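Chemist: sequence unknown, structure follows:
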């Protein structure tokens, strides 16, 4: 013990709870400096104190073994509990890896699950849900990567019910997209004989709230209020659609989640797409569940390049119900490459730096448009989308029949007036698919990134009385109701950013068409699940067609999505996901770009510019 009866070293959280603070007494100043040096990312803010990112501190926990006076090191209770929970779960996972499954002593038996939920639980549970609950209760903290439609919301509430019955927690904070509010409120009322007091976060929680729901956008500005709510009683925290905080402490959502995580007795994440852009996403998600250990085990597992081995190593850390286990028929996924008509091709090539003689006269105008991803995605569909309309929603007006291309006009003027001369091959292909489906009495869900594409197709597809939903739609619920219930409404036009999560359309629609896609693999997979999920009638054929323009950025996007989806399928050991990486070719965005996306895009631009 240091002079005055003080501990030689005190270890606790900083105010943000995303860093560990180490404070030493004067006789141990040199020892603290040596200890801090073991953590390159740490910062010695003063001679007797240092701050280290929580994940880095827990990864390098073994360095504390060199402290000269270990018997009088004092830990903040909350941090000590966090470390203990992480180490306990790591030990269970390690044992599971060796035994090929959770050991009996460390697990909850599937057949015991219903009894653990207490007499207040009334909802039915499927065998695979009971299996998932047993796993989630076997770990101090946990992850559920089951596919959409597997009932992750109900499973999470069952875990809460069991922990409440044990007396371990008495309230739960649910962080979710706004689109999932209804599901949480419905399930909370459906699952319990006496529904828990449930509310969506307002200015501050009501006294007595048991299930508090908040969206990711509110987290940062509500951090102090939510932290106080979690501290006030033993709590559980659930991150629904947890891939939204995949940036970890580098993102606003992730840093807020990481700050709240240590305040909860139980941490649980839910997502069907845990690694939409590769291993780093998975590292950040598991770092929320198991700070330090989560990142280390993913890095170690994936680092060797053997994804089969990596999947085996990671499997004890999560539970996953697959579509095969749900008994869903496979989805038929195809890609149709369309050729750009002559003027469209000339304009697209000019945008990427390949100029014809006519294009040279407008080089400055084309250079001013730039080569950003969103512009190239627009241009692959129709370069006319690049020209500002009267409003952000103004549709393109196609000339029928098209006019002859004037020879004297500049290429930049022709870009603006392109709908007068040529029809976008993607819109034409989408229309043919919608028409063919309609002739069979089948409804079609058409996805595109851009709102002006939605309004353009709304006008083009008028015969099929389309419903349209985007971020600015004032009557979203009515549009969805019309698509579901009106037999004359045969197409729904939307973008994945708006309807990619939190809605089920599988009872009403079995065909989807992607007019364009961006690099966000998670968004693509989530949107696919709107029409392919639990509850499909046996024998239902679900068909998905992706449209891509040959010789454009669409080919780069298709290749990178194939690589990302393939990685996730292999790391999750899920053949159904892996199959989605290999779209069958048939005749005929955004954001989320990582370093490889950028490299692929630059390669595409360079190749075209030097042809």
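Modeler: Received, thanks. Only a predicted model underlies this, so the values are computations on that prediction, with no experimental measurement involved.
Chemist: Please count neighbours and contacts with C-alpha atoms only from this point.
Modeler: Fine.
Chemist: And the helices in the stretch 301-450 of the chain, which stretches?
Modeler: 307-314, 323-326, 342-351, 357-360, 363-369, 373-381, 411-416, 425-439 (DSSP state H, counting those that start in this stretch).
Chemist: ok, and what's touching the second one?
Modeler: Spelled out, it's helix 323-326. 128, 147, 150, 533, 534, 576 (CA atoms under 8 Å, 6 or more residues apart in numbering).
Chemist: contacting residues around the fifth one?
Modeler: Residues counted as contacts of residue 534 (CA under 8 Å, 6+ apart) are 148, 149, 150, 326, 328.
Chemist: residues near the last one, how many?
Modeler: Read it as residue 328. 18 (other CA atoms under 10 Å).
Chemist: What strand or helix carries the residue nearest to residue 568 when sequence neighbours are not counted?
Modeler: Nearest residue to residue 568 in three dimensions, chain neighbours excluded: residue 275, at 5.8 Å (CA to CA, 6 or more residues apart in numbering). Using DSSP states H and E, residue 275 sits in no helix or strand.
Chemist: what's the spacing between residue 275 and residue 246?
Modeler: For residue 275, the distance to residue 246 equals 8 Å [CA to CA, to the nearest Å].
Chemist: hey, what's in contact with both of these two?
Modeler: What both residue 275 and residue 246 touch, as defined by CA under 8 Å, 6+ apart, is the set 281, 282.
Chemist: Need the contact partners of the helix or strand hosting residue 92.
Modeler: Element membership for residue 92 (DSSP H and E) is helix 77-99. Contact with helix 77-99 is made by 11-13, 58, 102-103, 106, 139-141, 262-263, 290-291, 293, 312-313, 316-317, as judged by CA under 8 Å, 6+ apart.
Chemist: rewinding a little: of the contacts of residue 534, closest to residue 257?
Modeler: residue 148 (22.1 Å; CA to CA).
Chemist: which one is that closest one nearest to, not counting chain neighbours?
Modeler: residue 272 (6.0 Å).
Chemist: From residue 192, how far out is the one you found?
Modeler: Per CA to CA, residue 272 is found 25 Å from residue 192.
Chemist: Helix, strand or coil: sort out the residue nearest to residue 148 for me.
Modeler: coil (DSSP: H, G, I helix; E, B strand; the rest coil).
Chemist: What is the neighbour count of it?
Modeler: 25.
Chemist: Identify the structural domains in this protein and state their residue ranges.
Modeler: 3-75, 81-321, 331-336+423-609, 344-369+376-420 (automatic domain parsing).
Chemist: so residue 157 makes contact with residue 186?
Modeler: No - using CA atoms under 8 Å, residue 157 is not in contact with residue 186; the gap is 11.5 Å.
Chemist: These two - which one has more neighbours?
Modeler: residue 157 (22 against 13).
Chemist: show me what contacts the more buried one?
Modeler: Here residue 157 is in contact with 188, 191 (CA under 8 Å, 6+ apart).
Chemist: following the one helix or strand residue 455 maps to, which helix or strand shows up next?
Modeler: Using DSSP H and E, residue 455 sits within helix 451-460. Once helix 451-460 ends, the next helix or strand along the chain (criterion: DSSP H and E) is strand 467-469.
Chemist: Buried residues of the next helix or strand along the chain from that next one, list them for me.
Modeler: The element immediately downstream of strand 467-469 (helix or strand, assigned by DSSP H and E) is helix 476-485. Applying a neighbour-count criterion of 16 or more other CA atoms under 10 Å, one finds 479, 480, 482, 483, 484 buried in helix 476-485.
Chemist: coming back round to it: is the residue nearest to residue 148 in contact with residue 149, as I believe?
Modeler: No - Residue 272 is beyond contact range of residue 149, at 9.5 Å (criterion: CA under 8 Å).
Chemist: ok, back up a step: pull the contacting residues for the residue nearest to residue 568.
Modeler: 243, 281, 282, 522, 568.
Chemist: of all those residues, which comes closest to residue 395?
Modeler: residue 522 (28.5 Å).
Chemist: what residues are up against the closest one?
Modeler: Residue 522 neighbours (CA under 8 Å, 6+ apart): 273, 275, 276, 277.
Chemist: can you redo these as JSON lines with distance to residue 133?
Modeler: Output for the contacts of residue 522, formatted as JSON lines (distance: CA to CA, whole Å):
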{"residue": "273", "distance to residue 133": "19"}
{"residue": "275", "distance to residue 133": "22"}
{"residue": "276", "distance to residue 133": "25"}
{"residue": "277", "distance to residue 133": "28"}
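Chemist: What's the ChimeraX line that selects buried ones from these?
Modeler: Typed into ChimeraX, the line below selects the buried ones among the contacts of residue 522, using 16+ other CA under 10 Å:
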select :273,275,276,277
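Chemist: Tabulate the contacts of residue 522 in a markdown table, adding columns for distance to residue 200 and pLDDT.
Modeler: Listed next are the contacts of residue 522 as a markdown table, based on distance: CA to CA, whole Å; pLDDT from 0 to 100:
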| residue | distance to residue 200 | pLDDT |
| --- | --- | --- |
| 273 | 25 | 88 |
| 275 | 28 | 84 |
| 276 | 28 | 80 |
| 277 | 31 | 80 |
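Chemist: burial count for residue 266?
Modeler: Neighbours of residue 266 (other CA under 10 Å): 25.
Chemist: in the stretch 251-400 of the chain, which ranges drop under the pLDDT threshold?
Modeler: 304-305, 354-372, 390 (pLDDT under 70).
Chemist: coming back round to it: and which of the contacts of residue 275 is nearest to residue 250?
Modeler: Taking CA to CA as the measure, residue 281 is the one of the contacts of residue 275 closest to residue 250, at 11.4 Å.
Chemist: ok, now how distant is residue 59 from residue 403?
Modeler: 66 Å.
Chemist: try residue 421
Modeler: 5 Å.
Chemist: still on that earlier bit, let's see if you can find the most crowded of the contacts of residue 275.
Modeler: residue 568 (26 neighbours).
Chemist: Please work out which residues outside the helix or strand encompassing that one touch it.
Modeler: Using DSSP H and E, residue 568 falls within helix 553-571. Here helix 553-571 makes contact (CA under 8 Å, 6+ apart) with 273-278, 307-308, 310-311, 376-377, 380, 516-521, 548-549, 575-582, 597, 600-601, 604.
Chemist: This completes my enquiry, with thanks.
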